[in-house]
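Q: Return atomic coordinates for the entry below.
(chains A and B)
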Amino acid sequence: MSALTFTLKHRTAQRVDMSPLVCHLLKELKVADIAALTLQSGKHKLRVDELFTIEGSDAQNIVIKNSVDNLDFIGKELDGGCISVSGDAGAYLGFGMKAGELKVSGNAGLYAACEMKKGYLEIAGNTGDFLGAALPGNKMGMKGGTVLVKGNAGERVGDHMRRGNILIEGNAGDYCGSRMTAGTIAVMGQTGRYLGYAMHRGTLLLWTQPQLSASFNDCGAHTLAFLPILFASFKSLNSRFADVSSAFNRVQRYAGDMSETGHGEVLVRIA
Amino acid sequence: MIINGVTIDATFAEAFPMKATRAIITAQNEKWALISAQAMTGFATSVIACGCEGSIERILDPSETPDGRPGVSVMIFAMGGKGLAKQLETRAGQCVLTSPTAALFAGIDGGIRIPLGKNLRYFGDGFQVSKQISGKRYWRIPVMDGEFLAEATTGQVDAIGGGNFLVLAESQPQALAACEAAIEEMRKIPNVIMPFPGGVVRSGSKVGSKYKTLGASTNDAFCPTLKGMTKTELSPEIESVMEIVIDGLTKEDIAKAMRVGIQAICDLGAANGIKRISAGNYGGKLGPFHFHLQEIMA
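A: I've put the predicted structure just below:
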């Protein structure tokens, strides 16, 4: 069985809600039924076959080709299976994802991995603000799983994040790890201002010295035993995080945000 | 059955169901991993008075440990799950948490989960940090030498305790040398421990006593100094008897350990003063697992 492939015919003027096109919802459907599904685009409902050429039938292995940045909610609440996006993805990529694998070859928009629960999300390009964050007004962001961004991430990475790993090979914008409750955010590149703003707990693992707020206190240089285990868990990734040369266990530890409970930490690699 | 001049008695070892767990202790070097493991499995020779039976299973290469440091695998056996969990936690708290540079990991992934670092984390007084990595939860507990890293839980599985055999020799040094040779081979077998000091016990017991308060007392039938005053099991030339007790995860594991141990003793043979191999049992009425010596050595 070949992968169920949706090839975008043309870019729509309005944004498109792609949430019906996930593995677990298409599992029992025939191709004709899938073609007849409707996708919300602005005020209109569009048939899937109006927007996409459909090929293949394996709904556990979905490919979206020619994807553009106004296709929102790709992989929403994905509960197993694999979605591969060729091109860019819109906002809310992998929103509330529960299991499975979601890979994007291009960039992703705002709120990627928003309130994600489990599974693996990979973005080969850059991603917008609020990666792994909670929806506005909600108190719990990402609750599990792993997100890998090979490019840069926008502002507010992991806002209200509760569990899981966010791995960024590039840079992260301002307010990275803001209001974090727990979990790990690792950034190989630069980080912006207000790092860990109002974070309660959790770990920000950095390769380069950040600009820290006055509410983060230096706890000194340490060799931490959990870091080799953490890096070992990245070994299967197609990423610089999997390189042995990227791993380290000697860090400068800063505790904060002291304006909150102060149980969070920023760990900066000591070269 | 006679192997190299050593008589293998037509008898069996009687063993009992137990609960077991395994933990991995790592440290900066093997020396400190061993110190911690020895402390954790100290005073754990017999459930009769120690609450559990425990010992080092084997030394681990850094490539085999979760954090890539030198390590030691320890196993603990108890009669019930509750007792096992209590012993594990107490020993981990007093002997591994306290041990310089030590970290503590689960040695069994499946089974019923019992706390390892789950409750020890409270020693961190609120400064402890949880990390969930690849589906496993770890606790980072701040201590004076840095951080004590402990996996939250380990697995508890059904196991067997009380596999044994007796080595009957012409002299005490010969009995001990034979037991040492056996233990050296038996320690290469995974999933088993020999919980007594050095793996050898010289005070085998029988059920009951003339003193009402005692449930067990010396196995007079195998005491060489009592040959003339009790219903002895010993022939005149036997001057010393030592026992090796084996706890293991499965019947096969124990049988395998018994086989290599007895074989190592038989290799020394009668020429080195080893006369007989026997085993301890209670007539087969108490323990459901019977290890027949001649079947094992067939």
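Q: Doesn't A:Leu227 lie inside a helix?
A: Yes - with DSSP: H, G, I helix; E, B strand; the rest coil as the criterion, A:Leu227 is part of a helix.
Q: Would you quantify the distance from it to B:Lys131?
A: 10 Å (CB to CB, to the nearest Å). Just so you know, the C-beta spots here come from the backbone N, C-alpha and C atoms, and that holds for glycine as well.
Q: now swap in B:Asn219 and tell me
A: In this view, B:Asn219 and B:Lys131 are 51 Å apart by CB to CB.
Q: So between these two, which is more surrounded?
A: Legend: neighbour count by other CB atoms under 10 Å in any protein chain shown for B:Asn219 and B:Lys131, higher for B:Lys131 (21 against 18).
Q: Now do the same contact list for the more buried one.
A: Contacts for B:Lys131 (CB atoms under 8 Å, 6 or more residues apart in numbering or on different chains) come out as A:184, A:203, A:226, A:230, B:137-140.
Q: Need phi/psi at A:Asn249.
A: Note on A:Asn249: its backbone torsions stand at phi -130, psi 0 [degrees, to the nearest 10].
Q: Grab the nearest non-local neighbour of it.
A: Leaving aside its chain neighbours, A:Asn249 sits nearest to A:Leu227 (4.2 Å; criterion: CB to CB, 6 or more residues apart in numbering or on different chains).
Q: residues near that neighbour, how many?
A: Neighbourhood size, A:Leu227 [other CB under 10 Å]: 22.
Q: Please apply the same query to A:Leu237.
A: 16.
Q: I'd assumed A:Leu148 was in contact with it.
A: Yes - under the criterion of CB atoms under 8 Å, A:Leu237 makes contact with A:Leu148 at 6.0 Å.
Q: quick one: which of the contacts of B:Lys131 sit in helices?
A: Per DSSP state H, helices hold the following members of those: A:226, A:230.
Q: Most neighbours among the contacts of B:Lys131, please name it.
A: Counting neighbours by other CB under 10 Å, A:Thr203 leads those with 28 neighbours.
Q: so who does the closest residue to that residue other than its chain neighbours touch?
A: Closest residue in space to A:Thr203, ignoring its immediate chain neighbours: A:Thr184 at 4.6 Å, by CB to CB, 6+ apart. Applying CB under 8 Å, 6+ apart to A:Thr184 gives the contacts A:164-166, A:202-205, A:230, B:131.
Q: how about the residues of the stretch 51-200 of chain A that lie near chain B?
A: Proximity of the stretch 51-200 of chain A to chain B, by CB under 8 Å from any CB of the partner chain, involves residues A:144, A:163, A:182, A:184.
Q: Could you rerun that using 7 Å?
A: Neighbours of chain B within the stretch 51-200 of chain A, by CB under 7 Å from any CB of the partner chain: A:163, A:182.
Q: pLDDT below threshold where in the stretch 51-200 of chain A?
A: Within the stretch 51-200 of chain A, no stretch has pLDDT under 70.
Q: Please enumerate the helices of chain B.
A: Using DSSP H, helices in chain B cover B:30-40, B:47-50, B:81-91, B:172-186, B:251-268, B:293-297.
Q: Which one, of the ones you listed, ends up nearest to A:Gln14?
A: The closest of the helices of chain B to A:Gln14 is helix B:81-91. By CB to CB, the value is 59.1 Å.
Q: what packs against the closest one?
A: strand B:12-26, strand B:71-78, strand B:112-115 (3 or more CB pairs under 7 Å, 6 or more residues apart in numbering or on different chains; DSSP states H and E).
Q: what about 8 Å?
A: Using 3 or more CB pairs under 8 Å, 6 or more residues apart in numbering or on different chains; DSSP states H and E, the elements in contact with helix B:81-91 are strand B:12-26, strand B:71-78, strand B:112-115, strand B:153-169.
Q: and the ones you listed, which is most packed in?
A: Most buried of the helices and strands packed on helix B:81-91 by mean neighbour count (mean count of other CB atoms under 10 Å in any protein chain shown) is strand B:71-78; its value is a mean of 27.
Q: That strand pairs with which strands, and in what direction?
A: Note on strand B:71-78: by DSSP bridges, its sheet partners are strand B:12-26 (antiparallel), strand B:53-60 (antiparallel).
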